[in-house]
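Student: I'd like to go over a predicted model; first the sequence, then the structure.
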Amino acid sequence: MKKFMSRNKGILLIVAGIMLLVSAVVFTQSGKEEDTRQSPKETKLWVLTDNHFIAPELYDDGSEFAFIETTAAGKDLRYQQQSLEALVANALKERPNEVILTGDLTLNGEYVSAEKLVELLNPLVEKNIKVRVIPGNHDIHDGWARKYENDEQIKAKQISPEDFRELFKDMGYEGADSYDKESLSYKESGTTAYDFYFLDSNKYTLEASKSAPATGGRFRDETLQWLEDEFKKTAVNDKQPIVFMHHNLYPHNEAVSRGFVIDDAEEVRALYAKYHVAVVFSGHIHAQDILEKTIDGVNIPEVVNGAYSITPHGFGEVVVNEKGIEYSRKSVNVDTWAAETNQTDSKLLKHQAYLKELFVNDGKALGYRSLLEKKIPNEDDLDAAAQLVGQVNEEFFTGEDTRTPEEVEKIKAGKGYQTLEAYDSFLKKYIDSVLTDNNLEDTHLFIPNKKQTK
């Protein structure tokens, strides 16, 4: 009797196991099998951009690198390794499913910088946190790739497209569900409702370059064809695309947009609308901004994350679940990491203040450079205008530029604005473009799942 019961118990366990496997497979209305075990109820993504990393072994304390720092547009170049280590430490604690970098991974496409960046990000891969990357306009065959030694610039090895794919093979390129043979674009089956598209929007030569990197971008014809073919598959599976690219889909600032918006924007927008792209995440302009436009009757929001290399080391946290997509602006507090890891450098222990001061001062310097040419007679007026440029510039780039009409009028009535109005039409136009940014709140966005809105 015991043998009989034991044998039957074993049969029941086998049957139960088979039933569990069968129950994990569901059939969609189109007749396709879908393994629900592979799709968690909630997926958390961390999206950052323009970290512009230069490996510490490529520079010293000499005059040439000090000069490069003055041209860095408010980017921190000295503490990049530490800020990335802080990011990785935070990710290991908070466990996002994926960490996504949308281009300009390196300062100027130095091979050694890419190698070092892979080393810094590898602890995430080792702990089963996916890392996904795409190149930016500074990453592939950048003629500016240099090592800075004393008062010299020494040409450094550049990154070829093949190098990029090999260096970052564990960060998107091996195991992609589909990839474009003509670019560094690829696709990943993200969740039950969304597919993730990582797109290479950059112009670069196939051989090492002696020229500055192209600022503008566009998709190759073959890439657009591949993209449409994959979008069709996403649509057949009743899913929506989420797109990650380096260049912008829309102009995010009226005064400064040339070279930032993808060259073939009109064609790309129409393609995205045709296949109901849920949201686009990009970078390149370095400013934090969210903008939504209606293209052929379809609302497509674009989230531009502020550059990770500037204040406040920001990134986007994207939570994807059955309700939709929720985006929130976050930042890495290097001060906390520095204290926890027993750092002694005051610029690490008070890093957030250092980073903000660096960026504000760069904005003020921009104001002074332009205004000094105008020979403003009153020094107080000059100072007030430069201070305003520094302040408003920092608020725009961090996404903290939401103002009431009363606050805008107060700024316009002030000495700084009045000086710009009288002496510098370009800077006034730039400040006006920031003061009138009233499309969407720039640090938070919720996009409902289309199935929930039916």
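Tutor: Cool, the structure landed. Residues are numbered from 1 along each chain as shown.

Student: Need the pLDDT of G324.
Tutor: On pLDDT, G324 comes in at 96.

Student: Contact partners for it?
Tutor: 446-449, 452 (CB atoms under 8 Å, 6 or more residues apart in numbering). For the C-beta atoms, the positions are set from N, CA and C on the backbone; glycine is no exception.

Student: Let's see if you can find the most crowded of these.
Tutor: I447 (21 neighbours; other CB atoms under 10 Å).

Student: Quick check, it in contact with V279.
Tutor: Yes: using CB atoms under 8 Å, I447 is in contact with V279, at 5.6 Å.

Student: Mind listing the shared neighbours of the two?
Tutor: With CB under 8 Å, 6+ apart as the test, I447 and V279 both reach 301, 325, 327.

Student: Spell out the secondary structure type for the second one.
Tutor: With DSSP: H, G, I helix; E, B strand; the rest coil as the basis, I325 sits in strand.

Student: My guess is it contacts A278. True?
Tutor: Yes: with contact defined as CB under 8 Å, I325 counts as touching A278 (6.2 Å).

Student: Overlap in contacts, these two.
Tutor: Common neighbours of I325 and A278, using CB under 8 Å, 6+ apart, are 194, 242, 447.

Student: from those, which is closest to Q81?
Tutor: Nearest to Q81 among the shared contacts of I325 and A278: I242, at 30.1 Å, using CB to CB.

Student: Give me the pLDDT for the closest one.
Tutor: 98.

Student: Equivalent analysis for D437, please.
Tutor: As predicted, D437 sits at a pLDDT of 79.

Student: now G175
Tutor: For G175, the model assigns a pLDDT of 87.

Student: quick one: the strands in the stretch 251-400 of the chain?
Tutor: Assigned by DSSP state E, counting those that start in this stretch, the strands in the stretch 251-400 of the chain fall at 279-282, 289-295, 298-304, 314-321, 324-331.

Student: circling back: tell me which of the shared contacts of I325 and A278 fall in strands.
Tutor: Of these, the ones assigned to strands by DSSP state E are 194, 242, 447.

Student: per-domain residue ranges of the protein.
Tutor: Per automatic domain parsing, the domain ranges recorded for the chain read 38-337+441-448, 351-435.

Student: so how far is the first residue of the shortest one from its last?
Tutor: For domain 351-435, the separation between the terminal residues is 28 Å (CA to CA, to the nearest Å).

Student: wait, A385 sits on G416?
Tutor: Yes: the criterion here is CB under 8 Å, and A385 meets it with G416 at 4.6 Å.

Student: Look at these two and report which has more neighbours.
Tutor: A385 (31 against 23).

Student: show me the contacts for that one.
Tutor: Contacts of A385 by CB under 8 Å, 6+ apart are 367, 371, 376, 415-417, 419-420, 423-424, 427.

Student: Mind putting the residues you listed into TSV with distance to A265, pLDDT and secondary structure?
Tutor: Converted to TSV, the contacts of A385 look like this (distance: CB to CB, whole Å; pLDDT from 0 to 100; DSSP: H, G, I helix; E, B strand; the rest coil):
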residue	distance to A265	pLDDT	secondary structure
G367	30	95	helix
L371	33	95	helix
I376	38	94	coil
K415	39	97	helix
G416	34	97	helix
Y417	32	97	helix
T419	35	97	helix
L420	30	97	helix
Y423	34	97	helix
D424	29	96	coil
L427	26	95	helix
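
Student: Looking at the ones in strands among the shared contacts of I325 and A278, spot the one nearest N253.
Tutor: I447 (22.8 Å).

Student: Just the pLDDT at the closest one, thanks.
Tutor: I447 is given a pLDDT of 97.

Student: and it, what does it touch?
Tutor: Per CB under 8 Å, 6+ apart, neighbours of I447: 278-279, 301, 324-327.

Student: what bridges to it?
Tutor: I325 (DSSP bridges).

Student: same question, V318
Tutor: With DSSP bridges as the rule, V318 is bridged to L45, Y327.

Student: wait, it sits on I325?
Tutor: Yes: if you go by CB under 8 Å, V318 and I325 touch, sitting 6.3 Å apart.

Student: quick one: low-confidence ranges for this protein?
Tutor: 1-40, 452-454 (pLDDT under 70).

Student: What segments of it are helices?
Tutor: Remark: helices assigned in the chain by DSSP state H are 2-23, 63-70, 80-94, 111-126, 161-167, 221-236, 265-274, 334-340, 346-349, 351-372, 379-398, 405-413, 415-423, 425-435.

Student: could you dump those helices to a markdown table with distance to E441?
Tutor: Shown next, in a markdown table, are these (distance: least, CB to CB, whole Å):
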| stretch | distance to E441 |
| --- | --- |
| helix 2-23 | 42 |
| helix 63-70 | 33 |
| helix 80-94 | 23 |
| helix 111-126 | 30 |
| helix 161-167 | 35 |
| helix 221-236 | 29 |
| helix 265-274 | 22 |
| helix 334-340 | 26 |
| helix 346-349 | 32 |
| helix 351-372 | 21 |
| helix 379-398 | 13 |
| helix 405-413 | 15 |
| helix 415-423 | 24 |
| helix 425-435 | 15 |
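
Student: Out of those, which gets nearest to G175?
Tutor: Comparing the helices of the chain by CB to CB, helix 111-126 comes nearest, at 11.8 Å.

Student: Give me the helices and strands touching that closest one, please.
Tutor: Applying 3 or more CB pairs under 8 Å, 6 or more residues apart in numbering; DSSP states H and E, we find helix 111-126 packed against helix 80-94, strand 130-134, helix 161-167.

Student: ok so, going back, any idea which of the strands of the stretch 251-400 of the chain gets closest to D381?
Tutor: Using CB to CB, the nearest of the strands of the stretch 251-400 of the chain to D381 is strand 289-295, at 30.0 Å.

Student: Report the angle between the closest one and helix 425-435.
Tutor: Note on geometry: by axes from the mean of the first three to the mean of the last three CA atoms, to 10 degrees, strand 289-295 and helix 425-435 are set 80 degrees apart in direction.

Student: Which strands border strand 289-295, and is each parallel or antiparallel?
Tutor: Note on strand 289-295: by DSSP bridges, its sheet partners are strand 298-304 (antiparallel).

Student: returning to that earlier point: so which of the domains of the chain is the most packed in?
Tutor: Of all the domains of the chain, domain 38-337+441-448 carries the top mean neighbour count, a mean of 19, counting by mean count of other CB atoms under 10 Å.

Student: what about it, distance to the chain center?
Tutor: 4 Å (CA atoms, centre = their mean, to the nearest Å).
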